[in-house]
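Visitor: sequence below, structure please.
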Amino acid sequence: MTSRCSQEKNHAGDLACTCPEKQAGGLKPDFPLVGEVTSCCVSQPPVAGREHEKPGYHLWGFVDDFMDTPAGAVPRVHTRLNQEDNRGTLFARLGIGRDSYRIAPGLYAVGTPGEGSPVLVTANYKLTFDVLRSHLEGLDAWILVIDTNNINVWCAAGKGAFSSLEVAERVKIVALEKIVNHRRLVLPQLAATGVSARQVKTMCGFEVVWGPVHAKHIVPFLDAGTQTTPAMRRVTFTFKERVELIPVELYHVGKPSLYLLPALFLLSGLGSGIFSIGTAFSRGLPAILAYVLAVTSGAVLAPTLLPWLPGRAFAMKGAAIGAAAGALLSAVMAGRLAVLEMLALTLFMMALSSYLTMNFTGSTPYTSPTGVEKEMRKAIPAQALGALAALVLWVGTGFMR
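Guide: I've put the predicted structure just below:
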């Protein structure tokens, strides 16, 4: 008999089971599955108190119990974050396992919701889910988690993952019409770029009500009869919000650095004698220092000092702070490097710092998606040209010694 299950690779490269039961919320895969691959739908005796666990999956710690509804059992989650949640948040902020930090799409309950309780729609990126539920203390509500490919609301909407079709299909999958007596979905405002309220209404019969930007305003928003204030509609990019992004950017730089740092060392040793170990050290160390300063400028200082950096374009802000770092390096290396060598390192730092700073454009209200694309079309060729000029100048000056 053909099994209803299939085996697929998840983002971490582990084998995960895809079952119809996977649609039920509150489950997470046990990774990795080792040994012989077998059907994950084979029935096993339930463990006392864990009747809703499935073979290959176990319950997240945030699930308290299950509610019976006309559409089946729905996991009830608590609003307090435990050690497992805090540890996962820390790892996600550091970029560790971020791409696979997800929960199962489906319907969840907070408190003791009934047929008239609000339905809040969010992404299946667990960090987003945790932020939402942590602000729902004392509220009875349903949380409809849609599949956004483990991406947060704003980015998922921009990439088409938080879409009208996904929202409507998830409403049908969980049979929401059997659970609530109203036809309203509260969607985060940041999903508006990817969702058409009219299309959702046409496809599933539920009306879209646009909620506030931040989860902390959900309860006041509902208490006010779904009326918003200007503060609820304002997208911010505060110092704290900017600093929270720095560890992820540094994590992304880690792997390329394993290749770039040795390359800088080797290129620094090229000269009229083909290659010199002594020259590689004398020139390579300043080049590696330039790389470290450029990363620090673009991934740390630029987001920290963003409002005070000159220009509106992120690429320009990054280039400006890269130039300042280049001037600092030139002052420190005065007498040890020639003028052209210092110019090469400064061009390199400006190009790299500009590129790294530009990575923050998708996290801010400073510009629109079309504005980001326009900036990238202009900035990336200029950054590449600057990096190439720096490379040619740096290698060329090695032959002038």
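Visitor: mind exporting stretch 230-241 as PDB, just the C-alpha atoms?
Guide: C-alpha atoms of stretch 230-241 as PDB (Å, rounded to 0.1, in the frame of the first residue of the first chain):
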ATOM      1  CA  PRO A 230      -1.000  57.300  14.300                       C
ATOM      2  CA  ALA A 231       1.500  55.600  16.600                       C
ATOM      3  CA  MET A 232       0.100  52.200  15.600                       C
ATOM      4  CA  ARG A 233       0.800  52.900  12.000                       C
ATOM      5  CA  ARG A 234       4.300  54.300  12.300                       C
ATOM      6  CA  VAL A 235       7.200  52.000  11.200                       C
ATOM      7  CA  THR A 236      10.200  52.600  13.300                       C
ATOM      8  CA  PHE A 237      13.900  51.800  13.100                       C
ATOM      9  CA  THR A 238      15.200  52.700  16.500                       C
ATOM     10  CA  PHE A 239      18.700  52.300  17.900                       C
ATOM     11  CA  LYS A 240      17.700  49.000  19.600                       C
ATOM     12  CA  GLU A 241      16.100  47.700  16.400                       C
END
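Visitor: pLDDT of that stretch, averaged?
Guide: Stretch 230-241 carries an average pLDDT of 83.
Visitor: quick one: buried residues of that stretch?
Guide: In terms of neighbour count (16 or more other CB atoms under 10 Å), stretch 230-241 has its buried residues at Met232, Phe237. Heads up, the C-betas are built off the backbone N, CA and C, glycines and all.
Visitor: quick one: mean pLDDT over the strand or helix carrying Ala325.
Guide: Using DSSP states H and E, Ala325 falls within helix 314-332. For helix 314-332, mean pLDDT is 95.
Visitor: swap in stretch 186-199?
Guide: Here the average pLDDT along stretch 186-199 is 93.
Visitor: output the longest helix belonging to the chain.
Guide: helix 369-398 (DSSP state H).
Visitor: and that helix, how far from the chain's centre?
Guide: 25 Å (CA atoms, centre = their mean, to the nearest Å).
Visitor: tell me the buried residues in that helix?
Guide: So, applying 16+ other CB under 10 Å, buried residues of helix 369-398: 372, 375-376, 379, 382-383, 386-387, 390-391, 393-394, 397-398.
Visitor: report how many residues lie close to the residue nearest to Ala287 when sequence neighbours are not counted.
Guide: The shortest distance from Ala287 to any non-neighbouring residue, by CB to CB, 6 or more residues apart in numbering, is to Leu264 (4.4 Å). Burial measure for Leu264: 23 neighbouring residues, criterion other CB atoms under 10 Å.
Visitor: any idea how far Leu264 is from Gly371?
Guide: Here the criterion is CB to CB, to the nearest Å. By it, Leu264 lies 33 Å from Gly371.
Visitor: same deal with Asp65?
Guide: Distance check for Asp65 against Gly371: by CB to CB, it reads 47 Å.
Visitor: can you give me the helices in this protein?
Guide: 83-93, 126-133, 153-159, 164-173, 197-204, 218-223, 230-233, 239-243, 246-268, 277-296, 302-304, 314-332, 339-358, 369-398.
Visitor: distance to Leu190 for the ones you listed - can I get that in a markdown table?
Guide: Output for the helices of the chain, formatted as a markdown table (distance: least, CB to CB, whole Å):
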| stretch | distance to Leu190 |
| --- | --- |
| helix 83-93 | 18 |
| helix 126-133 | 10 |
| helix 153-159 | 4 |
| helix 164-173 | 14 |
| helix 197-204 | 14 |
| helix 218-223 | 13 |
| helix 230-233 | 11 |
| helix 239-243 | 13 |
| helix 246-268 | 18 |
| helix 277-296 | 29 |
| helix 302-304 | 19 |
| helix 314-332 | 19 |
| helix 339-358 | 21 |
| helix 369-398 | 12 |
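Visitor: so which of these gets nearest Val186?
Guide: With CB to CB, the closest approach to Val186 among those belongs to helix 218-223: 7.8 Å.
Visitor: list the buried ones in that closest one?
Guide: Ile218, Phe221, Leu222.
Visitor: so where's the stretch 251-400 of the chain uncertain?
Guide: Within the stretch 251-400 of the chain, the segments meeting pLDDT under 70 span 362-369.
Visitor: domains of this structure?
Guide: Split into domains by automatic domain parsing, the chain comes to 1-59, 61-235, 240-398.
Visitor: flag the shaky bits of the stretch 51-200 of the chain, pLDDT-wise.
Guide: 51-58.
Visitor: can you map out the strands along it?
Guide: 57-59, 63-69, 72-77, 106-110, 119-123, 141-146, 184-187 (DSSP state E, counting those that start in this stretch).
Visitor: out of those, deepest packed?
Guide: Most buried of those by mean neighbour count (mean count of other CB atoms under 10 Å) is strand 119-123; its value is a mean of 26.
Visitor: show me what that one is packed against.
Guide: Under the contact criterion of 3 or more CB pairs under 8 Å, 6 or more residues apart in numbering; DSSP states H and E, strand 119-123 touches helix 126-133, strand 141-146, helix 153-159, strand 184-187.
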